[in-house]
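*Asks:* With the input below, show me the fold.
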Amino acid sequence: QVQLVESGGGSVQPGGSLRLSCVASRRPFNDYTMCWFRQPPGQERELVAKINGSGGAKAYSDSVKSRFTISRDNAENTVYLQMNSLKPEDTAVYYCALSQTFFGVTSSSPELLDWGTGTQVTVSS
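*Replies:* Next up is the predicted model:
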């Protein structure tokens with residue numbers, strides 16, 4: 001069964017950091033773009049960051065640029081999201097997703113083959 005398993009969520013104070021991890025079972029892992037989405041309470045799911053199969057191309061939403069870093073370890077079939085300088089508005093359920101394409105990815109893209117079950121990130125004082 002193809003799976004994405006996330007870990008690393010939790011509660012943190014504003015200004016703090018968290019690192020999310022997502023292990024993929026689909027092979028070959030480096031054929032696929034990996035994405036991180038988030039869904040704040042009562043809002044739509046949005047793309048936060050993505051990274052292509054080789055790790056040579058990355059993109060971020062404006063709301064997280066310069067604070068979040070996406071990376072991947074293809075030997076470990078894992079993608080990471082390092083989140084620094086967290087703000088209360090970063091509070092959301094974070095999902096990793098596997099995509100057949102790098103460009104034009106949205107939460108409804110048919111190229112998204114697999115989704116994780118989500119991990120809660122709460123930023124509050």
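
*Asks:* going forward, measure contacts between C-alpha atoms and count neighbours the same way
*Replies:* Noted.

*Asks:* Next, name the residue at the spatial heart of this structure.
*Replies:* residue 36 (2.0 Å; CA atoms, centre = their mean).

*Asks:* any idea of the pLDDT on it?
*Replies:* Residue 36 is assigned 98 on the pLDDT scale.

*Asks:* Run a quick check on it versus residue 48, I expect a contact.
*Replies:* Yes - if you go by CA atoms under 8 Å, residue 36 and residue 48 touch, sitting 5.5 Å apart.

*Asks:* follow-up on the earlier one: so where does the residue nearest to the centre of the chain fall, helix or strand?
*Replies:* Here residue 36, judged by DSSP states H and E, is contained in strand 33-39.

*Asks:* Give the pairing partners of that strand; include direction for each.
*Replies:* Using DSSP bridges, the strands paired with strand 33-39 are strand 46-51 (antiparallel), strand 92-99 (antiparallel).

*Asks:* Turn those strands into CSV, columns for mean neighbour count and distance to residue 40.
*Replies:* Below are these laid out as CSV (neighbours: other CA atoms under 10 Å; distance: least, CA to CA, whole Å):
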stretch, mean neighbour count, distance to residue 40
strand 46-51, 23, 9
strand 92-99, 25, 4
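
*Asks:* Residue 81: which of those strands is closest?
*Replies:* Proximity to residue 81 (CA to CA) singles out strand 46-51 among the strands paired with strand 33-39, at 8.2 Å.

*Asks:* what does the closest one rub up against?
*Replies:* 33-39, 57-61, 64, 70-72, 102, 105-107 (CA atoms under 8 Å, 6 or more residues apart in numbering).
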